[in-house]
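[1] Got a predicted structure here, sequence first:
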Amino acid sequence: MRTLCPNLDNEDGLETVLEVPMPDESLDYEDAKVSQNVTSWKTMKSWMKPHSNDQRKQFSDFGGQSAEIQLLLGVVGAPLVPLPISSRHSTITKPTIQDHPIESSMAKYIVQQYIAAAGGEKALNKLDSMYAVGKVKMVATEFTSGDGVTMTCGGGKAMKPKSIKNGGGEMGGFVLWQKRPDLWSLELVVSGYKISAGSDGKVAWRQTPWHHSHASRGPPRPLRRSLQGLDPKSTANLFTNSICIGEKAVNGEDCFVLKLEAEVSALKVRSSNNVEIMKHTIWGYFSQRTGLLYQLKDSHLIRIRSQGSDSVFWETTMESLVQDYRTIDGVNIAHGGQTTVSLFRFGEDSESHSHTKMEETWTIEEVDFNIKGLSMDCFLPPSDLKKEEEQPLVHAKSGDKFTGITRLASKSRGNSTRFGVHKIVAVDSDGFGDL
């Protein structure tokens, strides 16, 4: 991971500290040998400008590789968990198991075993803050319905491959800072495009090259990436109120399955006039052998109201294998894993149905706890942050200005891309990562 780059403006000056360390795989070594890294470093330096005119111009056409990267970052980049986690209590309380139904009692017992396996209550309560540096590789494949059956996906509908996975995927790196479950900040750069997200305890927000800073609806919720083995205390607190629904073997690992579902009232707060969040459920698969979290899965279903009588439905399912646990300051922290995302669009006519699969492989390069000097100023939202307003879902583009309204289901015209404009617009208008 590269953390410094030469000062290209002044050879005698100090090296530039990168906001997000870059994986070595993302550099073009052949060019670096010829130009002594100047080309690569200049490219890297431009990556740190999240709202440059060049990036916005690239995304304005919703085409080619930019459209695919936008889809990846919009869905996989910074998703949140279904429910907020209380940070008012500094200790993990031991529940009275016999006072609850058997499903809840079993879940609480499994959570207590997880706390012990993660390092123990005493070690977890010492954690006041943390930071992690990691790298990611993302790739996407789209399938759409049609003739010539080759595979089957959710709901039993036959699907025909529209495009296949190519190349080694999109490389990137990230830095995560966290003080409490509701105080966190993420910087993620993938193939030259940067997404920032965070929460100051009052509002959670995102900032991307193709969209101004915007706040998610409802109370701030923790970043899903933190619960992928980086924050055992928040994971334990989240699943304390879950239920145990049984056992399941995942990749040969016998696990207890805990389930937590967002209440209807919580979903209504996150919904708008145009977008209704119908359900959001999360499952934790805890290894019977180690007691640690082995897999994290969540699924949410949203309905987008069109101008016509029909609605469009999007179902997003994420499954993360949490692996490579190592002990840091007495706490077991996962240092790698893989997330698989299934994005299924249906409703209206069957020809518009689509199924997209995305994968992310991530590794943690560095992690530490109880960061000195990590103040509230580190979690302030962007100055241009604006609350989401009620407005039509999609605007048709003419040049660089938005001039009219069109239906979400409209298909891309002109450019033939892997991901049509209707899918990219959905990522923008609904903020799948905010759900």
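    Received it, and whenever you're ready, just let me know what you need.
[2] what comes into contact with stretch 280-288?
    81-82, 110, 113-114, 235, 238-239, 242, 245, 247-248, 250, 253-262, 267, 292-301, 435 (Cβ atoms under 8 Å, 6 or more residues apart in numbering). Heads up, the C-betas are built off the backbone N, CA and C, glycines and all.
[3] Now, of these, which are buried?
    81-82, 110, 113-114, 235, 238-239, 242, 253, 255-262, 267, 292-301, 435 (16 or more other Cβ atoms under 10 Å).
[4] Looking at these, which are in strands?
    253, 255-261, 293-301 (DSSP state E).
[5] Give me the below-cutoff pLDDT ranges for this protein.
    1-19, 22, 24-65, 87-99, 144-168, 308-309, 348-352, 386-435 (pLDDT under 70).
[6] angle of the helix ranked longest in it against strand 253-261?
    Longest helix in the chain, counting residues (DSSP state H): helix 102-118. Inter-element angle recorded for helix 102-118 and strand 253-261: 120 degrees (by axes from the mean of the first three to the mean of the last three Cα atoms, to 10 degrees).
[7] Buried residues, helix 102-118. List them.
    Neighbour-count burial for helix 102-118 [16+ other Cβ under 10 Å]: 104-108, 110-115, 117-118.
[8] Repeat that for stretch 366-376.
    Buried positions in stretch 366-376, judged by neighbour count with 16+ other Cβ under 10 Å: Val367, Phe369, Leu374.
[9] Do a quick rundown of the strands in the stretch 101-250 of the chain.
    Here the stretch 101-250 of the chain has its strands, by DSSP state E, counting those that start in this stretch, at 130-144, 151-153, 157-161, 170-180, 183-190, 193-200, 204-208, 211-215, 243-250.
[10] Can you say which of the ones you listed is nearest to Ser271?
    strand 211-215 (14.7 Å; Cβ to Cβ).
[11] Now do the phi/psi pair for Val341.
    Dihedral pair for Val341: phi -120, psi 130, per degrees, to the nearest 10.
[12] Confirm for me that it is in contact with Lys357.
    Yes. Contact status for Val341 versus Lys357: in contact at 7.0 Å, counting by Cβ atoms under 8 Å.
[13] which neighbours do those two share?
    By Cβ under 8 Å, 6+ apart, no residue touches both Val341 and Lys357.
[14] out of those two, which sits in the busier spot?
    Using other Cβ atoms under 10 Å, the more surrounded residue of Val341 and Lys357 is Val341, with 21 against 16.
[15] Name the secondary structure element that contains the closest residue in space to Glu276 that isn't next to it in sequence.
    Spatial nearest neighbour of Glu276, excluding adjacent residues (Cβ to Cβ, 6 or more residues apart in numbering): Arg303 at 4.6 Å. Per DSSP states H and E: Arg303 is located in strand 293-305.
[16] Following element in sequence after that strand, please.
    strand 311-328.
[17] Pull that next one out as PDB, backbone CA atoms only.
    Output in PDB follows, covering the C-alpha atoms of strand 311-328 (Å, rounded to 0.1, in the frame of the first residue of the first chain):
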ATOM      1  CA  SER A 311     -44.200   0.200  -9.600                       C
ATOM      2  CA  VAL A 312     -40.600  -1.000  -9.900                       C
ATOM      3  CA  PHE A 313     -39.100  -3.200  -7.100                       C
ATOM      4  CA  TRP A 314     -35.500  -3.600  -6.200                       C
ATOM      5  CA  GLU A 315     -34.300  -6.400  -4.000                       C
ATOM      6  CA  THR A 316     -30.700  -6.200  -2.800                       C
ATOM      7  CA  THR A 317     -29.000  -9.100  -0.900                       C
ATOM      8  CA  MET A 318     -25.500  -8.900   0.500                       C
ATOM      9  CA  GLU A 319     -23.600 -11.900   1.900                       C
ATOM     10  CA  SER A 320     -20.200 -11.400   3.500                       C
ATOM     11  CA  LEU A 321     -17.800 -14.100   4.500                       C
ATOM     12  CA  VAL A 322     -15.700 -12.800   7.400                       C
ATOM     13  CA  GLN A 323     -12.300 -14.400   7.600                       C
ATOM     14  CA  ASP A 324      -8.700 -14.300   8.700                       C
ATOM     15  CA  TYR A 325      -9.200 -13.400  12.400                       C
ATOM     16  CA  ARG A 326      -6.100 -12.000  14.200                       C
ATOM     17  CA  THR A 327      -5.700 -10.800  17.700                       C
ATOM     18  CA  ILE A 328      -5.100  -7.000  18.100                       C
END
